[in-house]
Structures are given as structure tokens and as C-alpha cells.
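Colleague: Pasting the sequence and the predicted coordinates here, then a few questions.
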Amino acid sequence: MSEAPISRAGYDRIAIVTGADSGIGKATAVALAGQGFDVGITFHSDGEGAEETAGLVRGKGRAAAVRRHDLTDPERAAAAVDELAGELGGVGVLVNNAGTGSGTPLMEMGFEQWRSVLAVDLDGAFLCAQRAVRRMIAAGRGGRVVNVTSVHEEHPRVGAGPYCAAKGGLRMLSRVLALELAPYGITVNTVAPGEIATPMTGQEDQPPEPGSRPGYPIDRPGDAREVAAVVAFLASPASSYVTGASLFVDGGLGLMGPQAAGALTSGEWRRG
């Protein structure tokens, strides 16, 4: 691929957000629509949720398009990026948000389960980025890739071996992409949430309850909109000098060690 000049017109105001049927993906799609982006939305099984997100995007006066996206078959699923870009007229921002996890100790895990998590959380993100970035390079106007990881891109957790491996791998993939894509005006960063009150954490988008997490510096789960605000910053022109970075949106959880912090039942540790 040859280097392409970057136009002063800026990258396409079109974003694709994977896994945008609920939680962080949904909040991100709405936040980007509020910044003037048309939004492509993918989902795995919750088509109704994806259509609800699309309605919220359209309610902000922006176009929305929806595709099913089964990342257990990542090569086939990545085609949704091209389909959405074709329908919306391009892509300037990709947010790789779709993900899955596991709760099986590594010594009890079969290879098929290991591979299925990595296929969704790492292979899928790579292939979707490849599809979107090739279009950004061809357009010659730069762009943004934001990969949603987790505090577990850095901190381990018992029972989450393939998830931690995939998120750590996604951080390093993002850094290599940041180096390779900087000449094209394309930035690549990760956003690493802590515990967020979403369906994925069994909280069904409930408002975070202050005081409910005594082991966390900010003693509550996060809100999906708090993560979306950081993603939206990294997707904006204001972040033009930020690339290869990991921004933790975790209420200070990483300072405690996520495994231990979740086990604390009081705030006695605050007294030193």
C-alpha cells in the first residue's frame, strides 16, 4: 500500500460500531451520532436492540444502517464492514466493540472454547479493522480506529484466560497498527473499561449504584455513557495527536488490581 496524502476536508463522518445493540456499543453509537456521524451498527443476536439503537441515531438526525455480525466466523462476519460502508457511503471511524468471554479455568478448557473467544475478541477485531482501514487509505482522508478492550488487557483474572489473552493481544495489535497507519493520518487506540453496568456484566443497563463496590476507588460500576464519551473523543478531530494509547475508563480499578478489588467487602483500605 502506498502512502496517501491527507485531505484537509477530514475523514468521512461515518462510523461503524460493532456490537451496538446494547451497552457500551449502543451508547457509543448514540454519542457519535450526536457528534454528527452517520452510524453503521452490527449485532450478533439482538436484532431488536440493534434497531432500537438505529432509531436513536436517526433521532439525532443522522443515517443508520444495521447488519448481523457473527464473529464466531470472523472472516465472513468482517464482510459486514464493507456492506455498511457501501450503504452509508464510506467509513471514517471504526469502533471494534463486539466481544465475548468465558468463565472456565484454563486447565478445564477445551481448545474449541479457547479459539471461539479469541475468534470473536481478537481475530474479528483484526479483520474488521483491515476492511475499514483499507477503505480509509483508499479515500486518502485519514480516519480513526478505536478498539474496546478491558482492564484485562493488562490485569489478569481467574477463569478469564482467553478473554485476557485476547484483550492483551488487541492492545498490542492496536499499537502495531498505530505505527503502520500513522503515515495515512489514521490513529489507532484502545479504550479499556472496568466494570460497566451493562447486560454483559448482568446489570441490564441499570444505573450504577454509588457505594456498591467498596473495593473500587470510585465505589460503583461505570455507566456505558462514560465509556462512550471517551470513545467519542478518540473518534473526533480533537484526538488527532493521540495514537497507540490505552485509555482506562475504570474508576481507578486498575490501581487496586481488579481481581482483589472485587473481593473487598468494606472500604477499610481507604484509611491506609
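Modeller: Good, I have the coordinates. Residues are numbered from 1 along each chain as shown.

Colleague: From now on I want contacts and neighbour counts done on CA atoms only, so please keep to that.
Modeller: Will do.

Colleague: Run through the helices of the stretch 101-250 of the chain in chain order.
Modeller: Counting by DSSP state H, counting those that start in this stretch, one finds helices in the stretch 101-250 of the chain at the ranges 111-118, 124-139, 161-181, 224-235.

Colleague: Please enumerate the strands of the protein.
Modeller: In the chain, the strands defined using DSSP state E lie at 14-17, 38-43, 64-68, 93-96, 143-148, 186-193, 246-249.

Colleague: of all the helices of the stretch 101-250 of the chain, which lies closest to Leu88?
Modeller: Closest approach to Leu88 among the helices of the stretch 101-250 of the chain (Cα to Cα): helix 124-139, 12.8 Å.

Colleague: May I see the strands of the chain arranged in JSON lines, with mean neighbour count as well?
Modeller: Output for the strands of the chain, formatted as JSON lines (neighbours: other Cα atoms under 10 Å):
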{"stretch": "strand 14-17", "mean neighbour count": "28"}
{"stretch": "strand 38-43", "mean neighbour count": "28"}
{"stretch": "strand 64-68", "mean neighbour count": "22"}
{"stretch": "strand 93-96", "mean neighbour count": "28"}
{"stretch": "strand 143-148", "mean neighbour count": "28"}
{"stretch": "strand 186-193", "mean neighbour count": "27"}
{"stretch": "strand 246-249", "mean neighbour count": "21"}
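
Colleague: now these as TSV including mean pLDDT and distance to Ala50?
Modeller: TSV is the format used below for these (pLDDT from 0 to 100; distance: least, Cα to Cα, whole Å):
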stretch	mean pLDDT	distance to Ala50
strand 14-17	98	11
strand 38-43	98	6
strand 64-68	97	7
strand 93-96	98	15
strand 143-148	98	18
strand 186-193	98	21
strand 246-249	98	24
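
Colleague: Would you mind giving the ones you listed as TSV with distance to Asp219 added?
Modeller: Output for those, formatted as TSV (distance: least, Cα to Cα, whole Å):
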stretch	distance to Asp219
strand 14-17	29
strand 38-43	31
strand 64-68	36
strand 93-96	28
strand 143-148	22
strand 186-193	15
strand 246-249	14
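
Colleague: where does the stretch 101-250 of the chain dip in pLDDT?
Modeller: Residue ranges of the stretch 101-250 of the chain with pLDDT under 70: 199-206.

Colleague: ok so, going back, of all the helices of the stretch 101-250 of the chain, which one is nearest Met256?
Modeller: Each of the helices of the stretch 101-250 of the chain has some distance to Met256 by Cα to Cα; the shortest is helix 161-181, at 17.3 Å.

Colleague: Identify each buried residue in the closest one, please.
Modeller: Buried residues in helix 161-181, counted by 16 or more other Cα atoms under 10 Å: 161-171, 173-175, 177-178, 181.

Colleague: For Ser150, give me its contacts.
Modeller: Neighbour list for Ser150: Lys167, Val191, Ala192, Pro193, Gly194, Phe248 [criterion: Cα atoms under 8 Å, 6 or more residues apart in numbering].

Colleague: Kindly recompute the last result at 6 Å.
Modeller: Counting by Cα atoms under 6 Å, 6 or more residues apart in numbering, Ser150 touches Ala192, Pro193.

Colleague: Pop out the phi and psi values for it.
Modeller: Dihedral pair for Ser150: phi -180, psi 160, per degrees, to the nearest 10.

Colleague: Next one: it from Pro221, what distance?
Modeller: 14 Å (Cα to Cα, to the nearest Å).

Colleague: cool, His155 as well?
Modeller: Going from His155 to Pro221 by Cα to Cα gives 17 Å.

Colleague: Over to Gly110?
Modeller: For Gly110, the distance to Pro221 - Cα to Cα - is 32 Å.

Colleague: now Leu94
Modeller: Relative to Pro221, and taking Cα to Cα, Leu94 is found at 26 Å.

Colleague: Next: Ala245.
Modeller: Ala245 is 23 Å from Pro221, where distance means Cα to Cα.
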